[in-house]
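J.: Attaching a predicted model along with its sequence, questions to come.
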Amino acid sequence: MTSPDRILIVDDEPATQEMLCHCLASLGYDIVPASNGHQALELLKDMQFNVVILDLMLPGLNGIEILRRIHEQQVETEVVVLTAYASLKTAIEAVRLGAYDYVTKPFHTEILRSTVKGAMEKQRLAARLAAIHALSREMTLSLAMGQVAEAVLDIAERVLKFETCNLWLVDEEQSELYLLAAHTVEPGAAPRLPLSGEKGITTAVARSSEPIYVPDVREDHRYAAVGAANRSELAVPLKVKTRVIGTLNVESAEVDAFNPDDVRLLSTLAAQAAVAIENARLHEQAQQEIAERKQAEEEVKRRARELAALNKTGQAITSTLNLDEVLALAMAEARAILDAEGASVLLHDAAGDELVFVASAGPGSEVLVGTRILATAGIAGWVMHEARPVLIRDAQHDPRFYDRIDDLTSLTTRSLLAVPLKYKGKVIGVLEAINRDNGHFDEHDLELLSTLAGSAATAIENARLYEAERELRKLVEQSQAQLVQSEKLAATGRLAASLAHEINNPLQAIHNSLQLILTFPLEADEQTDYLRMASEEVERLVDMVTRVLNFARQPQREMKPTNPNVVVEKVLVLTNKYLQHRHIALQRDILPNSPTVLATQGELEQVFLNLTLNAVEAMPQGGTLRVSSRLAKDGRLAVAFSDTGHGISPKHLDRIFEPFFSTKEEGTGLGLSISYNVVKRHGGEITVQSIVGKGTTFTVWLPTLPG
């Protein structure tokens, strides 16, 4: 609460002092008398006076000297001088020295009162202007909302008379007013005021965004006492542009204690306070954001280092399909990232529902490799069953701990991390880390191990699938080789009659030559001719059998540069008699200088033979087989086998390369399927075109080698 207005009367005549006190007492001022200049200066040093009434004619220090002292010492007060008419010149001098005005003796009571009131108002105005200036300076220097609020209340106390002064702020999230600072009331003890409530003049100001003055709060139902009840209240909004951020209110024990000047002054203080509080709030928010950003940046840097390590680890783990290498890398990186004493990988063996230690790292832990435990045993079993990670700070006192593992190694488990190894939602095992070297594991360590487990699980499963796929590929390749060989033997069987006839001719020639030599007496030169003839036929037989054996032999699967013309000719020579016996005319249109292809010659022979035999079987009454080759625009070599047979029904064209699909009663349905797979393995393709009743063309497209 501010002190009352105070007047110092400096006059050496007791009667004048008494008259002055009586004249001004009715105005409600505190009046203090002084009889000389020295006493007046001491009082001015110890107390604050709004107005000084100073007689110029004093013993010792006169009024002019006292006025100079007040000016030199910068005492904040207004001076009204008393002077006799004869001393009017001196009074004018006093005004030049800073006196507010002068009153001549003898004076009229109303003139004196009017002059004192004017001096009082000037002093009040000066005090208020000084307060506003001081508040501006204070707010410029302060960047804390609490300090700004206290400064506002201190300034208000200097220039206003009140019992209570409060500064409230709006909590927008809660739609409430809360007390930021107060004089005579503890902010923490004041209740929050709902903005939607009917009680509270301050809440009404916050809603209306306009000042409210209540001369007598007993006549206003909105009044809600915060602390002791008062009689009048003035409240003004704190606004930033058009947004109300709070209110500033003062209360007095007097009825109608405030005037329009007070409203303007408090509104000015509120306007300055609003800007300062908003700036302080923004500054505090900025500082908090800066601090949070720095913390976030540090966290990001730390996480970036960890993620870089995890990324490097993930790349290393997934860069190999060797299961042993994957497990070794997972162990090493788990220990390095977590600073762990030991680490293990346990994989689930579904056949026995067991967890198997497939890898372990740490002092003496290699003995664990191969150890099996039930999939329900220990902490690892719990993680496997629950499919959840776990952090154990004291494993020895955890009821799930399986202490037999410690018996096998030189490690004593203290703290432990265990996370499930999941692949496509299925738990395939558990990854464990044991004993952090510099203390206990924490939740962040658990997160890191879980991230590592994700990469490790994928790498482990990929390695296992690769191993299984490699074994399966071996079996498939063996099966395919057997199928190709079976088809070769079947094709040889289909050629058997022609081969038998071709073999029989040279045998007959040999037999006849020998019979002639043995039966008839021949001249030496005749015997030589027959023996030479027999020898030539034997060589012919050897060549024929060699060709059949070479064709029927299990092919080498190594691919190497191959001339396709050589393969085509070999097949046509082998099937020549077969074509003749089936009354098939052969037409060749082979590219003379064919580019080479990367192929397994034996497998390519089988493809061309299958297509040749299929063409012959499509012409049971005889016909024409045209074998041609050309270089396509895309650089591939096209080798075509065209017949003039009965053709293939359109409904069968999409299925002819399917295994075991055949339109022939005695067909196996494997010839075209095997041919299709062989060509695919050579990077090529087989296409078919057919017109029912006119014929069919199978074309083999093969990529060629450069140059």
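T.: Received, thanks.
J.: where do the helices sit along the stretch 601-707 of the chain?
T.: 601-617, 650-653, 671-681 (DSSP state H, counting those that start in this stretch).
J.: care to break this structure down by domain?
T.: Domain segmentation of the chain under automatic domain parsing yields 6-123, 142-286, 320-468, 554-702.
J.: Quick check: which ranges of the stretch 301-450 of the chain have low pLDDT?
T.: Along the stretch 301-450 of the chain, segments meeting pLDDT under 70 span 301, 303-320, 406-407.
J.: residue boundaries of the helices in it?
T.: Going by DSSP H, counting those that start in this stretch, the stretch 301-450 of the chain shows helices at 323-338, 378-386, 404-408, 443-494.
J.: Now render those helices as TSV, adding mean neighbour count and distance to Leu43.
T.: Every C-beta, even on glycine, is put in place using the N, C-alpha and C of the backbone. Formatted as TSV, the helices of the stretch 301-450 of the chain follow (neighbours: other CB atoms under 10 Å; distance: least, CB to CB, whole Å):
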stretch	mean neighbour count	distance to Leu43
helix 323-338	20	79
helix 378-386	20	86
helix 404-408	14	90
helix 443-494	16	71
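J.: closest to Asp398 out of those?
T.: Shortest separation from Asp398 across the helices of the stretch 301-450 of the chain is recorded for helix 378-386, at 6.8 Å, computed as CB to CB.
J.: Now do the closest one: everything it contacts.
T.: Helix 378-386 is contacted from outside by 346, 348, 355, 373-376, 389-390, 392, 395, 398, 400-402, 405, 416, 418-420, 427, 429-430, 432, using CB atoms under 8 Å, 6 or more residues apart in numbering.
J.: how does it look with 10 Å?
T.: Helix 378-386 has contacts (CB atoms under 10 Å, 6 or more residues apart in numbering) with 344, 346, 348, 353-355, 357, 373-377, 388-390, 392, 395, 398-405, 413, 416-421, 427-432.
J.: Please flag which of those sit within strands.
T.: Under the assignment DSSP state E, the contacts of helix 378-386 contribute 344, 346, 348, 354-355, 357, 373-374, 390, 392, 416-421, 427-432 to strands.
J.: buried subset of these?
T.: 344, 346, 348, 354-355, 357, 373, 390, 392, 416-421, 427-432 (16 or more other CB atoms under 10 Å).
J.: Could you pull up phi and psi at the closest residue to Glu150 other than its chain neighbours?
T.: Among residues not flanking Glu150 along the chain, Ala181 sits closest, at 5.5 Å (CB to CB, 6 or more residues apart in numbering). Backbone torsions of Ala181, given as degrees, to the nearest 10, read phi -150, psi 150.
J.: which residues sit in contact with Ala181?
T.: By CB under 10 Å, 6+ apart, the residues touching Ala181 are 145-154, 165-169, 187, 248, 273.
J.: From Lys89, how far out is the residue of the chain most remote from its centre?
T.: Taking CA atoms, centre = their mean as the measure, the residue most remote from the mean C-alpha position of the chain is Pro521, 105.6 Å away. Going from Pro521 to Lys89 by CB to CB, to the nearest Å gives 191 Å.
J.: pretty sure Lys122 is touching Asn50, no?
T.: Yes - using CB atoms under 10 Å, Lys122 makes contact with Asn50 at a distance of 9.5 Å.
J.: Name the residue in the two with the higher neighbour count.
T.: Using other CB atoms under 10 Å as the criterion, Lys122 and Asn50 rank with Asn50 on top: 24 against 15.
J.: Let's have the domains of the chain in TSV, adding distance to Ile517.
T.: Putting the domains of the chain into TSV (distance: least, CB to CB, whole Å) gives the following:
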stretch	distance to Ile517
domain 6-123	158
domain 142-286	121
domain 320-468	67
domain 554-702	29
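J.: of the ones you listed, which approaches Ile510 most closely?
T.: Closest approach to Ile510 among the domains of the chain (CB to CB): domain 554-702, 18.4 Å.
J.: pLDDT of the closest one, averaged?
T.: For domain 554-702, mean pLDDT rounds to 86.
J.: now swap in stretch 158-176 and tell me
T.: Here stretch 158-176 scores 87 as its mean pLDDT.
J.: related to what we said a few turns ago, for the helices of the stretch 301-450 of the chain, which one sits closest to Ser252?
T.: Per CB to CB, nearest to Ser252 of those: helix 443-494, 58.3 Å.
J.: close enough to count as contact, Val419 and Leu446?
T.: Yes - contact status for Val419 versus Leu446: in contact at 7.1 Å, counting by CB under 10 Å.
J.: list residues touching both of those two?
T.: Common neighbours of Val419 and Leu446 (CB under 10 Å, 6+ apart) are Pro389, Val390, Leu391, Ala433.
J.: Most neighbours out of the residues you listed, which is it?
T.: Ala433 leads the shared contacts of Val419 and Leu446 on contacts (other CB under 10 Å) with 29 neighbours.
J.: Now do the same contact list for it.
T.: Residues near Ala433 by CB under 10 Å, 6+ apart: 331, 334-335, 337-344, 361-362, 415-419, 441, 445-446, 448-449, 452.
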